[in-house]
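Asks: Structural data only, the sequence is not supplied:
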């Protein structure tokens, strides 16, 4: 006898066996029990969530010869068995994907007046109803609105938004939800126990994750894995089927991203992944999931993970440094999402992934060191740059203003010009916001950034700008420096000192041209 697919063997037979759709099932069961039925139902939701199965259970419950008092079908009478075998004369299933024309709907309209043959109701189950043509919907519309009392329509669709409003308004709608990973895992463990094979917990978890909320897809993948594993379900077999990256390679990739001396390890690991035939989108997806797990592990606690995952995440957490701020982790996830978008747009896969990983290393403070900054000697001949009130000093890549002692500070010297120059090289949009603000070194541990407008301050507090500011301040001042973002009005109220740490561009140009000792008198407005 030919092997029967697991999703068909373990299809739910009554309302009680349906998993993950408790709200829908309880409502329908009560409607059957109280005989409060409507003439048309619409089951909408993602694929593999039980829409067609519930429609068949509904048909069994309505035509069952000995229904239970709870509204469940008995499953033992000839009507229930006929529905399960697809032989009930009063339960008509139509696949709208292949029978989508007006002729099929006219045929229903002609036959709908005939009385039921085997049961109390004639039930039409139309699957993927959104595939019907406009003409077919129009032919069905009047019948759907006022069918005979012995007729019930059950429409199922994965794209309810494609149905005409006139059809939606004539149906009682039920939304089927994606099943959670936990619900799918529970069902897979039940199937494994009934089938009598050994299953590794992380293999079941991997199947549940890749099923994307569809129990039917999970059972199909389980069927494939068992065929390959010959009765034993291992994570290695499942990983090969779904194309995910081996955890050991993923750990090497994570440590390579977070340690400055292992950039070569990142490239070697990527090359290994490529030769194993793994999809680069799987690399991005698995790396994003690993980062997400690390964030939750460190911030929300260990009890949110199953026991077999806790041991692995403890090893990952121990291998990764602790200096990476949460904002940098979040920005890394955004970088991976951008790389996935580029892949969808046709950008070369390997180049996209490598660029993303290099950007993450730079985001975590492991990129190339900032350019060496040398002080300007007083006797050095000036560069002949035309003076302009709006022009900034020419950027030679190796020249910066002399450090000026911080007034009232800790004596570390003014590093604000270096801060601005470093941010300018990293991201021009962030530099533009800071260039219009007053940056004041209040003391050795506090930095005031005063904006003229609240909107500019709010823009600086967005994820990308703030993450870059955190990184550069930590690189230049060290981890002990705190900074405060405020506006000019708030600074005036709190008595913040005027900015003396950033010289106007014109004054810098004059001193560079005529020498540092030239007297400059400032005329007040």
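Replies: That came through, no problem. What you are looking at is a predicted structure, and each value in this text was computed from that prediction instead of being measured.

Asks: Mind splitting this protein into its structural domains?
Replies: 6-175, 181-242, 247-363, 402-502 (automatic domain parsing).

Asks: gap between the two ends of the first one?
Replies: By Cα to Cα, to the nearest Å, the extent of domain 6-175 from end to end equals 25 Å.

Asks: mean confidence for it?
Replies: Domain 6-175 shows an average pLDDT of 91 in the prediction.

Asks: before we move on, what about the second one?
Replies: Confidence over domain 181-242, taken as the mean pLDDT, stands at 88.

Asks: For the stretch 201-350 of the chain, give me the ranges with low pLDDT.
Replies: Where the stretch 201-350 of the chain drops to pLDDT under 70, the residues are 260-262.

Asks: which residues of it fall in strands?
Replies: For the stretch 201-350 of the chain, strands defined by DSSP state E, counting those that start in this stretch occupy the ranges 232-233.

Asks: can you give me the helices in it?
Replies: 201-210, 215-229, 235-242, 247-258, 263-275, 280-299, 307-319, 326-344, 349-363 (DSSP state H, counting those that start in this stretch).

Asks: could these go into TSV alongside distance to residue 443 and mean neighbour count?
Replies: For the C-beta atoms, the positions are set from N, CA and C on the backbone; glycine is no exception. Formatted as TSV, the helices of the stretch 201-350 of the chain follow (distance: least, Cβ to Cβ, whole Å; neighbours: other Cβ atoms under 10 Å):
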stretch	distance to residue 443	mean neighbour count
helix 201-210	50	21
helix 215-229	59	20
helix 235-242	54	18
helix 247-258	32	19
helix 263-275	37	16
helix 280-299	31	18
helix 307-319	35	13
helix 326-344	24	17
helix 349-363	28	19
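
Asks: Now distance to residue 424 too, for those, in CSV please.
Replies: Rendered in CSV, the data for the helices of the stretch 201-350 of the chain read as follows (distance: least, Cβ to Cβ, whole Å):
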stretch, distance to residue 424
helix 201-210, 42
helix 215-229, 49
helix 235-242, 44
helix 247-258, 25
helix 263-275, 25
helix 280-299, 28
helix 307-319, 35
helix 326-344, 19
helix 349-363, 15
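
Asks: Ok, which of these comes nearest residue 437?
Replies: helix 326-344 (19.7 Å; Cβ to Cβ).

Asks: Centre of the chain to the closest one, how far?
Replies: In terms of Cα atoms, centre = their mean, to the nearest Å, the centre of helix 326-344 is set 10 Å apart from its chain centre.

Asks: What lies in contact with stretch 71-83?
Replies: In this structure, residues lying in contact with stretch 71-83 by Cβ atoms under 8 Å, 6 or more residues apart in numbering are 13-16, 29-33, 56-57, 59-61, 63-68, 84, 88-89, 91, 118-119.

Asks: Which of those fall within strands?
Replies: Counted as lying in strands by DSSP state E, out of these, are residue 91.

Asks: returning to what we had before: just so I know, which of the helices of the stretch 201-350 of the chain lies nearest residue 191?
Replies: helix 215-229 (6.7 Å).

Asks: Packing partners of that closest one?
Replies: helix 6-9, helix 181-195, helix 201-210, strand 232-233, helix 235-242 (3 or more Cβ pairs under 8 Å, 6 or more residues apart in numbering; DSSP states H and E).

Asks: how about the helices of the stretch 401-525 of the chain, start to end?
Replies: Defined through DSSP H, counting those that start in this stretch, the helices belonging to the stretch 401-525 of the chain, from first to last, are 416-426, 428-435, 454-460, 463-477, 488-494, 505-514.

Asks: before we move on, back to that, please name whichever of the helices of the stretch 201-350 of the chain is nearest to residue 153.
Replies: Distances from residue 153 to each of the helices of the stretch 201-350 of the chain were compared by Cβ to Cβ, and the smallest falls on helix 215-229, at 23.3 Å.

Asks: by how many degrees do that closest one and helix 235-242 diverge?
Replies: 120 degrees (axes from the mean of the first three to the mean of the last three Cα atoms, to 10 degrees).

Asks: what's in contact with helix 215-229?
Replies: Residues external to helix 215-229 that are found in contact with it (Cβ under 8 Å, 6+ apart): 5-7, 10, 19-20, 47-50, 179, 183-184, 187-188, 191-192, 195, 197, 203, 207-208, 210-211, 233, 237-238, 240-242.

Asks: Now the buried members of the residues you listed.
Replies: The neighbour-count criterion (16 or more other Cβ atoms under 10 Å) marks 6-7, 10, 19-20, 48-50, 179, 183-184, 187-188, 191-192, 195, 197, 203, 207-208, 210-211, 233, 237-238, 240-242 among the contacts of helix 215-229 as buried.

Asks: sorry, back to before: ok, which of the helices of the stretch 401-525 of the chain comes nearest residue 108?
Replies: Smallest distance to residue 108 across the helices of the stretch 401-525 of the chain (Cβ to Cβ): 54.3 Å, for helix 463-477.

Asks: so for the closest one, what's the average pLDDT?
Replies: For helix 463-477, the mean pLDDT works out to 85.

Asks: which residues touch it?
Replies: The contact list for helix 463-477 (Cβ under 8 Å, 6+ apart) reads 325, 327-328, 330-331, 334, 363-365, 370, 412, 415, 418-419, 422-423, 426-427, 429-430, 433-434, 447, 459-460, 481, 483.

Asks: Try it again at 7 Å.
Replies: With Cβ atoms under 7 Å, 6 or more residues apart in numbering as the test, helix 463-477 has contacts from 325, 327-328, 330-331, 334, 363, 365, 415, 418-419, 422-423, 426-427, 430, 433, 447, 459-460, 481, 483.

Asks: And for stretch 53-61?
Replies: Taking contacts as Cβ under 7 Å, 6+ apart, the residues outside stretch 53-61 that touch it are 11-12, 14-15, 18, 24-25, 28, 32, 43, 67, 71-73, 80, 83, 91, 123, 125, 154, 156.

Asks: related to what we said a few turns ago, which one, of the helices of the stretch 201-350 of the chain, ends up nearest to residue 97?
Replies: Nearest to residue 97 among these is helix 215-229; the distance by Cβ to Cβ comes to 16.4 Å.

Asks: and the angle from the closest one to helix 181-195?
Replies: Between helix 215-229 and helix 181-195, the angle comes out at 50 degrees (the same axes, to 10 degrees).

Asks: Now go through the contacts of stretch 71-83 and say which are in helices.
Replies: The helices in this structure, assigned by DSSP state H, contain 29, 30, 31, 32, 33, 56, 57, 59, 60, 61, 63, 84 from those.
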